[in-house]
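1. this one's sequence-less:
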């Protein structure tokens with residue numbers, strides 16, 4: 001994939017025509033120009049198998065495109081117009097899920113409190129894990145998350161998930177700073 005520079009006005013125009021989370025600029029431009037959108041499929045992540053000392057490990061390797069999707073989300077009008085931390089939190093969770101479903105699932109399994117479960121495949125599991133959990137379905141996913149935590153706890157949840165998904169520390173800090 002080639003890299004091009006565009007001014008802020010063009011960037012905002014392209015970003016404003018995003019139809020779904022995780023859509024890359026090539027797809028948006030192809031749609032705007034009337035070109036065949038199906039020809040521009042570029043994977044956002046790949047899996048590399050490493051064998052070290054006889055132990056096989058799968059490591060998610062995130063491309064520059066994956067980081068770009070997160071940066072684009074943070075700069076998007078959709079994200080900027082979210083006035084509540086819960087709305088930004090839900091949008092980030094949805095984006096992380098759609099970038100790498102397997103890594104997201106693994107990360108949510110290890111993200112929990114001392115007595116509470118933060119993520120589950122169904123509402124009932126979260127309701128059973130504590131009083132007043134206020135579970136909400138994460139948009140465009142099959143996952144539920146508790147939402148009656150304070151903003152700092154929401155940041156910690158995002159931080160842990162992104163670290164488990166192997167995002168760079170600088171990007172994790174940037175995302176958490178926007179919640």
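-> Structure's in. What do you need? Bear in mind that the values here come from a model prediction, so they are computed numbers and not experimental data.

2. show me the contacts for the most centrally placed residue in the chain.
-> Nearest residue to the geometric centre of the chain (Cα atoms, centre = their mean): residue 96, 1.8 Å. When contacts are counted by Cβ atoms under 8 Å, 6 or more residues apart in numbering, residue 96 touches 104, 158, 161, 162, 165. Every C-beta, even on glycine, is put in place using the N, C-alpha and C of the backbone.

3. what's the burial count for the closest residue to residue 165 other than its chain neighbours?
-> Closest residue to residue 165 apart from its sequence neighbours, by Cβ to Cβ, 6 or more residues apart in numbering: residue 103 at 4.5 Å. Residue 103 is flanked by 23 other residues according to other Cβ atoms under 10 Å.

4. swap in residue 107?
-> Residue 107 is flanked by 21 other residues according to other Cβ under 10 Å.

5. Return the distance of the nearest residue to it once chain neighbours are set aside relative to residue 137.
-> In space, and not counting its chain neighbours, residue 107 is closest to residue 164: 3.6 Å by Cβ to Cβ, 6+ apart. Residue 164 sits 21 Å away from residue 137 when distances are taken as Cβ to Cβ, to the nearest Å.

6. Over to residue 160?
-> The gap separating residue 160 from residue 137 is 20 Å, by Cβ to Cβ.
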